[in-house]
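Participant: 3D model of this:
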Amino acid sequence: MSSYKQIFIRTPKPLPRISWHEDKRVPEKEKQGETSEEKPSGARPKLTTSRPSHDPIISQMIKAAKKYPVERSPSENQLMMSALKLFPILMDQIDPPELRYISRMVMIESWERGHTIFAEGGFYIVVRGSVRPCDDDSSTEETKPKIGVGGSFGALEASEESSSSEVIRCVLTLEPCEILKIPHSGYAKVRKDLQGQTFALKETLVQRCTFYQDWPRLSVQKVANLIQMKNFPANHVLVKEGRVCALVAFIHKGECNILQDIGTVMKLSKRGCINSVVVGQLGPFESFGEVSILTDQPSPCTVVTQTPVQAGVITPEKLQELDSITRSLMRQSAKPTCGKLTEEEISKQYMCQERQKEWEHVKKKVLSDSLFYNGIQPGVGKWTINRSKKMH
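Facilitator: Numbers count the residues shown, from 1 in each chain. The predicted structure is shown next:
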């Protein structure tokens, strides 16, 4: 037993000791002074840009843009489109429909410091780094400011207008740069394709209207060349009764109501304002306003948009640019939007609409009272609309 401790109990081994160092904190002012001394004399401050900081999105965009356009996935194309929206200098020069196609053709170019870039082939946006405008002989112009992240040089279109002195044609890289390029040829193709799609839509609007279905193709194209696509909100007055129409409209999407004033039957109205009665509707691929403008006669009715409407519009000034043959053909083909109704017909139509409104009001009131007396509150408890979905 005397040797028990020597056999089974061993002396513990000492663990390695961690050396403790005193944290000598340097005052902030002295630290700033040291860092300023450590910086080399040629260090450049960061350039100020108007673009907000979106470094993760920009980094992902650069990674995706280095691939060929055919190798990019749909998610990468969507990322490119979202990233391009961060550059106001580009969004101010293009139309919203063009952005989708431009995002699929842009490329990223990487440049080292001290290289000269000639912007004769397209429009360039600085994504990383900075450049300075210079002459063609590679001599930098110190008077001109640097172009930082979000800045641009070159032009979108290769035209005589873009060759003015305001457009920067040559720059010198001041540091390693990532530059986004939109080539002239690609942008010209995008514009040409979109113009072709827009013209095809305008041509379809005219051809599918009832008045113009038998027209020759040449006359249809002459009318389509004058059309401008516009969007109108709901409850927007397009034409007022008793006035010459201010436009010719070919409806593409949406619906319009045709109204006529009921000044002769004011005693039927309980309100003190002038009322109108709905005498018809206009839908897609229908037109109005041609007869009023060509014959210089006031419109017999009022046209108000019932829903948001997209329509092709021709102004009276543009309509006068048509040759006499096309105008006479339009005068013969088109018909007034709505004939003038008699007082008896207006009164009958007005009474029918008022009875329908009254019946809808009574029906709604009776239904709400029945639900209330039976203790049913729609949208509360088991009467919620989405209850069946939650149970599944």
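Participant: ok, residue 373 - contacts?
Facilitator: Applying C-beta atoms under 8 Å, 6 or more residues apart in numbering, one finds that residue 373 lies in contact with no residue. Quick note: C-beta positions are derived from backbone N, CA and C, even for glycine.
Participant: for residue 178, which non-adjacent residue is spatially closest?
Facilitator: Distances taken as C-beta to C-beta, 6 or more residues apart in numbering place residue 128 nearest to residue 178, at 4.0 Å, with adjacent residues excluded.
Participant: surely that neighbour meets residue 149?
Facilitator: Yes: using C-beta atoms under 8 Å, residue 128 makes contact with residue 149 at a distance of 6.5 Å.
Participant: so for those two, which residue has more residues nearby?
Facilitator: residue 149 (21 against 18; other C-beta atoms under 10 Å).
Participant: gap between the more buried one and residue 122?
Facilitator: 19 Å (C-beta to C-beta, to the nearest Å).
Participant: check residue 115 too.
Facilitator: Counting by C-beta to C-beta, the gap from residue 115 to residue 122 is 17 Å.
Participant: those two: who's more crowded?
Facilitator: When neighbours are counted by other C-beta under 10 Å, residue 122 comes out ahead of the other of residue 115 and residue 122, with 20 against 13.
Participant: enumerate every residue touching residue 210.
Facilitator: So residue 210 contacts residue 286 (C-beta under 8 Å, 6+ apart).
Participant: how near is it to residue 135?
Facilitator: For residue 210, the distance to residue 135 - C-beta to C-beta - is 63 Å.
Participant: same question, residue 314
Facilitator: From residue 314 to residue 135 the distance is 49 Å (C-beta to C-beta).
Participant: those two: who's more crowded?
Facilitator: Legend: neighbour count by other C-beta under 10 Å for residue 314 and residue 135, higher for residue 314 (23 against 12).
Participant: just grab the bridge partners of that one for me.
Facilitator: For residue 314, the beta-bridge partners are residue 248 (DSSP bridges).
Participant: wait, it touches residue 247, no?
Facilitator: Yes: applying C-beta under 8 Å as the test, residue 314 and residue 247 come out as touching, 6.6 Å apart.
Participant: got the phi and psi for the residue nearest to residue 178?
Facilitator: Main-chain torsions, residue 128, degrees, to the nearest 10: phi -140, psi 150.
Participant: for residue 331, same thing?
Facilitator: Dihedral angles (degrees, to the nearest 10) for residue 331: phi -60, psi -40.
Participant: give me the number of residues near the nearest residue to it once chain neighbours are set aside?
Facilitator: Ranked by C-beta to C-beta, 6+ apart and with sequence neighbours excluded, the top spatial neighbour of residue 331 is residue 294, at 4.9 Å. Neighbour count of residue 294, defined by other C-beta under 10 Å: 19.
Participant: contact partners for residue 294?
Facilitator: Taking C-beta under 8 Å, 6+ apart as the test, what residue 294 contacts is 319, 327, 330-331, 334.
Participant: going through these, which ones are buried?
Facilitator: 319, 327, 330, 334 (16 or more other C-beta atoms under 10 Å).
Participant: just the pLDDT for the residue lying closest to the first one once chain neighbours are set aside.
Facilitator: Looking back up the chat, that one is residue 319. Nearest non-adjacent residue to residue 319, counting by C-beta to C-beta, 6+ apart: residue 293, 5.8 Å away. Per-residue pLDDT puts residue 293 at 91.
Participant: return stretch 181-200 as CSV; C-alpha atoms alone will do.
Facilitator: This file holds the C-alpha atoms of stretch 181-200, laid out as CSV (Å, rounded to 0.1, in the frame of the first residue of the first chain):
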residue,chain,number,x,y,z
LYS,A,181,-19.9,48.7,-73.4
ILE,A,182,-23.1,49.1,-75.5
PRO,A,183,-22.0,48.8,-79.2
HIS,A,184,-23.5,51.0,-81.9
SER,A,185,-24.5,48.1,-84.1
GLY,A,186,-26.4,46.3,-81.2
TYR,A,187,-28.3,49.4,-80.1
ALA,A,188,-29.2,50.2,-83.7
LYS,A,189,-30.6,46.7,-84.2
VAL,A,190,-32.6,47.0,-81.0
ARG,A,191,-34.2,50.3,-82.1
LYS,A,192,-34.9,48.9,-85.5
ASP,A,193,-36.6,45.8,-84.1
LEU,A,194,-38.7,47.8,-81.7
GLN,A,195,-39.8,50.2,-84.4
GLY,A,196,-40.8,47.3,-86.5
GLN,A,197,-42.9,45.8,-83.7
THR,A,198,-44.5,49.1,-83.0
PHE,A,199,-45.4,49.7,-86.7
ALA,A,200,-46.8,46.2,-87.0
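Participant: now do the buried residues in it.
Facilitator: Buried residues in stretch 181-200 (16+ other C-beta under 10 Å): 181-184, 186-187, 190-191, 198.
Participant: okay, buried residues for stretch 318-332 please.
Facilitator: Applying 16+ other C-beta under 10 Å to stretch 318-332 flags 318-319, 322, 326-327, 329-330 as buried.
Participant: so where is this protein shaky, pLDDT-wise?
Facilitator: Along the chain, the parts satisfying pLDDT under 70 run over 1-54, 136-143, 159-165, 263-275, 337-347, 349-350, 379, 381-392.
Participant: longest helix in it, please.
Facilitator: helix 343-373 (DSSP state H).
Participant: ok, how many other residues are close to the nearest residue to residue 94 once chain neighbours are set aside?
Facilitator: Nearest non-adjacent residue to residue 94, counting by C-beta to C-beta, 6+ apart: residue 102, 6.7 Å away. Residues contacting residue 102 under the criterion other C-beta under 10 Å number 19.
Participant: now do the strands in the stretch 151-300 of the chain.
Facilitator: 152-154, 170-173, 177-183, 228-232, 237-239, 248-253, 256-261, 276-282, 287-288 (DSSP state E, counting those that start in this stretch).
Participant: closest one to residue 107 among these?
Facilitator: strand 177-183 (5.3 Å; C-beta to C-beta).
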